[in-house]
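>>> build me a model:
(one chain, ligands or ions: 1)
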Amino acid sequence: KLEAFPEDFLWGAASAAYQIEGAFDADGKGPSIWDEFTKIPGKTFEGTNGDVAIDHYNRYKEDIRLMSEMGLKAYRFSVSWSRILPDGEGKVNKEGLDFYENLVDELIAYNIEPVLTLYHWDLPLALQEKYKGWESREVIQAFKQYCQVLYGRLGKKVTYWVTFNEQNVFTSMGYRWASHPPNATDTKRLFEANHIINLANAEAIKLFRKMVPKGKIGPSFGYGPVYPLSASPDDVLASENATDFNNSWWLDVYCKGKYPTFTFKQLERKGIAPTIESGDLELLKQAKPDFLGINYYHGGTVAQNKIESKSIESLNDKNFSATDPYLMQPKEEQSQSPEVPMFQSSENPYLNKTEWGWEIDPVGFRVALREVYARYDLPLFVTENGLGAKDMVTDEGTIEDDYRIDYLNQHIMEMKKAVTDGVELIGYCAWSFTDLLSWLNGYKKRYGFVYVDRTEQDEKEMRRIPKKSYHWYKELIADNGEN
Ligand code: BGP
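This next block holds a predicted model:
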């Protein structure tokens, strides 16, 4: 018999500023690295960008009303740093702060718990240009100022704070695959930037302890469990290496303040380990999170590496660009960790895939939750999970997304088993509440409970239509996940 979800379980849905807000230059907002990156020809599907997105900036009240009608208990959103500090540091933009305070007030008025993400990838462009972004320690100071402003203004209203969204994804895409800003393929820079972000994460948590003593803070990580392709000891060893390289490399730092030994040694041998200055490791150890946010889409299957190691430069020659951020889907060149060939990705014969080639693996969700909980012993908060699909509007004007209901239902069932196993879970935010911009796949890959009609590109219209899954999730929330 499965145990019930806790009474105060936070059933929610998620979004990110660049993917929904639009209003890219309104009310004093400065440009972000995504405003620039999406304008580079060929980087995003059909050149789509977030200039208008789904115009949430102007329609947040309508969107929150739909959340409340659904009975949503929590809403995860991110703050656009360059709305608050248009140059990334220095002068504060009052209008930007007002927008987020109004948003939070509106959520609270409807009894919806705000879950605020500080960094969901849209670094102020000024910081990229002035300091080379996350490659320089000056940005840590700027991030601290940004956090200080938000903690000061919203610390009494918002309990749950997320520091960085999927550090593993945005750094790998940005520095290894040139699929995100800063559009690089340089693993030395990849690991240096990651170390600096780790320090920024630690500083943000330390400051939080002082300024928001009653709040809860932690990073959101894109976790993928790793299966060995066979029971051969070599494949099992490869899967341990892949877990170390793809997961523990970040989670050990967040939770234990240290890098995993085996991967670190490998990187050292290659000359690409991060530069650790005196005091860094002490700082990392002082900043244990209150919870871990887990984003789950899929994991991966690996075998002992038998293919010749390819250099990042040779991938770059082919104009290679990754669309799967999790690095474990076997797609030609992407099928190994290029800088350190410790494993090779393989097809998993037991799993089906979505229209975008992402494995569908609900049991992997239970595996993920158990692994992370067992290893780090912190409460978990599922901050993303969902299905991207090409939804169609029927002649009756409805969206019959049974495939999404099926997907979410299976994942929630596995989550319930994880709770029964003993995993401590705060809540579950499906990705996403409304349809929104998929970073690289434009507006065709939809995730929302609420359809957004952008067909005529009519910025005035942008009609919101609740899908079948909206009504299904509403009932599920009302029954606290019992159906
Ligand atoms: C996660 C991101 C989200 C969202 C989601 C779906 O990695 O945190 O912002 O985009 O993936 O990804 P995609 O839009 O590429 O399908």
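
>>> wait, what's in contact with Leu10?
Shown in contact with Leu10 (Cβ atoms under 8 Å, 6 or more residues apart in numbering): 73-74, 113, 115, 381, 426-429. Glycine gets a C-beta too; all of them are placed from N, C-alpha and C.

>>> Gly386 too?
297, 404, 407-408, 430-432, 447.

>>> okay, the residues you listed in JSON lines with distance to Lys390 next?
Below are the contacts of Gly386 laid out as JSON lines (distance: Cβ to Cβ, whole Å):
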{"residue": "Tyr297", "distance to Lys390": "17"}
{"residue": "Arg404", "distance to Lys390": "11"}
{"residue": "Tyr407", "distance to Lys390": "14"}
{"residue": "Leu408", "distance to Lys390": "17"}
{"residue": "Ala430", "distance to Lys390": "18"}
{"residue": "Trp431", "distance to Lys390": "16"}
{"residue": "Ser432", "distance to Lys390": "15"}
{"residue": "Tyr447", "distance to Lys390": "11"}
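
>>> OK, contacts around Lys444?
Counted by Cβ under 8 Å, 6+ apart, Lys444 has contacts 45, 390, 438.

>>> out of those, who's nearest the ligand?
Ser438 (3.1 Å; Cβ to the nearest ligand atom).

>>> mind listing what the nearest residue to that closest one once chain neighbours are set aside touches?
Of all residues not flanking Ser438 in the chain, Lys445 sits nearest, at 4.2 Å (Cβ to Cβ, 6 or more residues apart in numbering). Each residue near Lys445 by Cβ under 8 Å, 6+ apart is listed here: 356, 388-390, 438.

>>> go back to the contacts of Lys444 and keep what's next to the ligand.
Counting by Cβ under 6 Å from any ligand atom, Ser438 from the contacts of Lys444 sit close to the ligand.

>>> in strands, which of the contacts of Lys444 appear?
Among the contacts of Lys444, no member falls in strands (criterion: DSSP state E).

>>> which residues of the stretch 1-150 of the chain fall in strands?
Residue ranges of the strands in the stretch 1-150 of the chain, as given by DSSP state E, counting those that start in this stretch, are 10-14, 74-78, 113-119.

>>> oops, could you answer that again for the stretch 251-400 of the chain instead?
Under DSSP E, counting those that start in this stretch, the stretch 251-400 of the chain gives strands at 292-295, 300-303, 344-346, 352-353, 359-360, 380-384.

>>> format those as CSV; extra columns: mean pLDDT, mean neighbour count and distance to Lys265.
Shown next, in CSV, are those (pLDDT from 0 to 100; neighbours: other Cβ atoms under 10 Å; distance: least, Cβ to Cβ, whole Å):
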stretch, mean pLDDT, mean neighbour count, distance to Lys265
strand 292-295, 98, 25, 25
strand 300-303, 90, 26, 19
strand 344-346, 84, 21, 20
strand 352-353, 94, 11, 35
strand 359-360, 94, 20, 30
strand 380-384, 98, 27, 29
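
>>> okay if I get those as CSV plus distance to Gly133?
Output for these, formatted as CSV (distance: least, Cβ to Cβ, whole Å):
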stretch, distance to Gly133
strand 292-295, 22
strand 300-303, 28
strand 344-346, 29
strand 352-353, 34
strand 359-360, 32
strand 380-384, 24
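
>>> buried members of the contacts of Leu10 into PyMOL, please.
To isolate the buried members of the contacts of Leu10 in PyMOL, using 16 or more other Cβ atoms under 10 Å:
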select buried, resi 73+74+113+115+381+426+427+428+429
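
>>> so Val158, which of the three states?
For Val158, the secondary-structure state derived from DSSP: H, G, I helix; E, B strand; the rest coil is coil.

>>> need the contact list for it.
104, 114-116, 215.
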